[in-house]
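Engineer: Need a 3D model of the sequence below.
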Amino acid sequence: MFSDDPADWIECDKRQFRQILGRLTRVITGTLDPHLARYPDDEWAQLATAQLTGVRATLAQLSK
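Structural biologist: Numbering: from 1, shown residues only. Coordinates of the predicted model:
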């Protein structure tokens, strides 16, 4: 059963954002960074990294 207190909702949301942030960070550091290290001129990997870095910054703010 979910609490009626909005503060509980916010904490639940923040936990979800932190979890997604962790997963996204692992994708960037474990997949895209090695890809770019090997093929630094790969346009797709550059675009994906740029877009996901922005999402990562947003999630970091939302999880505070």
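Engineer: Spatially nearest residue to residue 8 (excluding sequence neighbours)?
Structural biologist: On the basis of CB to CB, 6 or more residues apart in numbering, the spatially nearest residue to residue 8 that is not a chain neighbour turns out to be residue 2, at 7.6 Å. Placement of C-beta: from N, CA and C, glycine included.
Engineer: for the chain, longest helix please?
Structural biologist: Ranked by residue count and defined by DSSP state H, the top helix of the chain is helix 6-27.
Engineer: for the record, mean pLDDT for the host helix or strand of residue 58?
Structural biologist: Using DSSP states H and E, residue 58 maps to helix 43-62. Throughout helix 43-62, pLDDT has a mean value of 96.
Engineer: Now that helix: buried residues?
Structural biologist: Within helix 43-62, the residues that count as buried by 16 or more other CB atoms under 10 Å are 45, 48, 49, 52, 56, 59.
Engineer: now stretch 34-43
Structural biologist: By neighbour count, with 16+ other CB under 10 Å as the criterion, the buried positions of stretch 34-43 are 35, 36.
Engineer: per-residue pLDDT, residue 4?
Structural biologist: 89.
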